[in-house]
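Q: give the three-dimensional model of this entry:
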Amino acid sequence: MVHALLRDGAGWPKWSPLGSFALESQAPGGGEGVGAVRVFLTGRHVSRERIVAGVPDRHFAYVLLSGLPLRDYRADVRLTPCEDGGTEIHWRSVFRAKVPGAGWIHRRALDRFVGDVVRGPARHAAAAA
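A: Model prediction:
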């Protein structure tokens, strides 16, 4: 269920800090699969990302195309089923800051944001169960 929530960009505003969603371009096979470009708007901040990996119930990954002062941003979300029926979420992002020396500032902000995002699907999935 968590993988389905991650892949459904239109649902992110319901369970994450993101404000709105638009699908800029579909994956080659259609929809929000590998290759799709998604746009999220929060306040005045617009970020564009391309989905680069998707293994149902195991792995979801995207790269940032624009929207943050970062280079080479990639997030990999690994999902591990738990014996109790839940899902363990490991969200790892790597990037380089466009401004030398500013990486720690972005890391701190992203850690806070990703923490909020990770708690979102967990709460949403629990409420739906």
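
Q: other SSEs contacting the helix or strand of the chain with the lowest mean pLDDT?
A: Averaged element by element with mean pLDDT, DSSP states H and E, the chain has its least confident helix or strand at helix 103-128 (a mean of 79). On a contact count with 3 or more CB pairs under 8 Å, 6 or more residues apart in numbering; DSSP states H and E, helix 103-128 meets helix 2-7, helix 12-15, strand 87-97. For the C-beta atoms, the positions are set from N, CA and C on the backbone; glycine is no exception.

Q: neighbouring strands for whichever helix or strand comes after the shortest one, and are they parallel or not?
A: Going back to what we said before, that points to helix 12-15. With elements assigned by DSSP states H and E, the helix or strand that comes after helix 12-15 is strand 20-25. Paired with strand 20-25 in the same sheet, following DSSP bridges, are strand 37-42 (antiparallel).

Q: nearest to Arg71, of the helices and strands packed on helix 103-128?
A: Set against Arg71 and scored by CB to CB, the helices and strands packed on helix 103-128 come closest in strand 87-97, at 4.4 Å.

Q: tilt between the closest one and helix 103-128?
A: Interaxial angle of strand 87-97 relative to helix 103-128 (axes from the mean of the first three to the mean of the last three CA atoms, to 10 degrees): 160 degrees.

Q: strand 87-97 pairs with which strands, parallel or anti?
A: strand 70-81 (antiparallel).

Q: buried residues in the least confident helix or strand of the chain?
A: 106, 110, 114, 117-118, 120-122, 124-125 (16 or more other CB atoms under 10 Å).

Q: ok, now which ones touch Pro17?
A: 42, 113, 116-117, 120 (CB atoms under 8 Å, 6 or more residues apart in numbering).

Q: which one of the residues you listed is nearest Gly33?
A: Among the contacts of Pro17, and counting by CB to CB, the member closest to Gly33 is Val117, at 20.3 Å.

Q: show me what contacts the closest one?
A: 16-17, 91.

Q: count residues in the vicinity of the nearest residue to Pro69 once chain neighbours are set aside, would you?
A: Using CB to CB, 6 or more residues apart in numbering and skipping residues adjacent in sequence, the residue nearest Pro69 is Lys98, 4.5 Å away. Residues lying near Lys98 (other CB atoms under 10 Å) number 12.
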